[in-house]
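Peer 1: Below are the sequence and a predicted model; questions follow.
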Amino acid sequence: MVHNSVLVLAAHPDDEVLGCGGTIAKWVDAGARVHVAFLADGVYSRQADAHAQQAELLARRAAAQKACSILGTQSVSFGDFPDNRMDTIPLLDVTQAVEALIGIHQPDTVLTHHAGDVNIDHRRLHEAVVTACRPQQGHPVKTLLCFEVASSTEWQLPGSGPVFAPNWFVDISATLARKLEALDSYAGELRAWPHPRSLQGVEHLARWRGATVGVDAAEAFILGRQLA
């Protein structure tokens, strides 16, 4: 399957690397144009004064620019929906923001969050993407994939949300090192092992996903829809 124009829709800076950084790098190497869009600010839910929050916002956006440069993306854009409060925003507003991004980039492939993540922004964005990617005649998106995010997807309780049961895998054996290098750009968001959002945790997950399909490292997805 050839992916020419790819749009990664992520709630927060670092979700793109955690969920599909190796895939981004692999597809860029194969000639794809990959765009990354963040919808939430990613910092304003944290306890800090306004000056500190603004400084953190700028630092996290700089980290995102660095990470996406390492992966080779064509563009990075930032939204300003409230961090961990996207459920307070009408779904129509989020959907229209996603539709605008699809209109700009005309992707044939969209990657976004899994419906069952613990993080509310992940779930809200998933809902908006599903709505924005309704399979209407002439719609550019032919492939819709949902990724997992360490420290959100696997933290959901049984029965509290849809289970992440991947049925699409991308071999990232050749790009795992770049995924980890890009992730290191977000040093302030990482935690010490054995936290799942540690460099070791992310590598172990990639190695395990790879082992389940017979390669050195992989990223796992749920295929939502594909039009061949």
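Peer 2: Structure's in. What do you need?

Peer 1: Residue 200 contacts residue 193, correct?
Peer 2: Yes - here residue 200 lies in contact with residue 193, judged by Cβ atoms under 8 Å, at a distance of 4.3 Å. Heads up, the C-betas are built off the backbone N, CA and C, glycines and all.

Peer 1: Find the residue closest to residue 144 in space, skipping its chain neighbours.
Peer 2: By the measure of Cβ to Cβ, 6 or more residues apart in numbering, the closest residue to residue 144 outside its immediate chain neighbours is residue 224, 3.9 Å from it.

Peer 1: For the one you found, which three-state class applies?
Peer 2: Secondary structure state of residue 224, per DSSP: H, G, I helix; E, B strand; the rest coil, is strand.

Peer 1: quick one: pLDDT of it?
Peer 2: Residue 224 is assigned 98 on the pLDDT scale.

Peer 1: Quick check: it vs residue 94, distance?
Peer 2: Computed as Cβ to Cβ, to the nearest Å, the residue 224 to residue 94 distance reads 17 Å.

Peer 1: ditto for residue 134
Peer 2: For residue 134, the distance to residue 94 - Cβ to Cβ - is 15 Å.

Peer 1: Who has more neighbours out of those two?
Peer 2: Looking at residue 134 and residue 94 with other Cβ atoms under 10 Å, you find the greater number of neighbours at residue 94, namely 24 against 10.

Peer 1: what's the following helix or strand after the helix or strand that the more buried one is a member of?
Peer 2: For residue 94, the host element (DSSP states H and E) is helix 91-105. The first helix or strand that comes after helix 91-105 along the chain, using DSSP H and E, is strand 109-113.

Peer 1: packing partners for that following strand?
Peer 2: Strand 109-113 sits against strand 5-10, helix 15-29, helix 120-132, strand 143-147, with contacts defined as 3 or more Cβ pairs under 8 Å, 6 or more residues apart in numbering; DSSP states H and E.

Peer 1: Just checking: what are the partner strands of the shortest one?
Peer 2: Strand 143-147 pairs in its sheet with strand 109-113 (parallel), strand 218-226 (antiparallel), by DSSP bridges.

Peer 1: re earlier: taking their axis directions, the helix holding residue 94 and strand 109-113 sit at what angle?
Peer 2: 150 degrees (axes from the mean of the first three to the mean of the last three Cα atoms, to 10 degrees).

Peer 1: Show residues contacting helix 91-105.
Peer 2: The set of residues external to helix 91-105 that reach it, using Cβ atoms under 8 Å, 6 or more residues apart in numbering, is 5, 7, 9, 35, 37, 39, 75, 77, 79, 81, 86, 110, 124-125, 127-129, 131-133, 140-141.

Peer 1: just the buried members of these?
Peer 2: 5, 7, 9, 35, 37, 39, 79, 81, 86, 110, 124-125, 127-129, 132-133, 141 (16 or more other Cβ atoms under 10 Å).

Peer 1: Where does pLDDT dip in this structure?
Peer 2: Counting by pLDDT under 70, the chain shows low-confidence ranges at 1, 42, 44-48.

Peer 1: quick one: contacts of stretch 126-144?
Peer 2: With Cβ under 8 Å, 6+ apart as the test, stretch 126-144 has contacts from 1, 3, 5, 9, 91, 94-95, 97-99, 102, 106-110, 112-115, 117, 146, 223-228.

Peer 1: hmm, 7 Å instead?
Peer 2: Stretch 126-144 is touched from outside by 9, 91, 94-95, 98-99, 102, 106-110, 112-115, 146, 224-227, with contacts defined as Cβ atoms under 7 Å, 6 or more residues apart in numbering.
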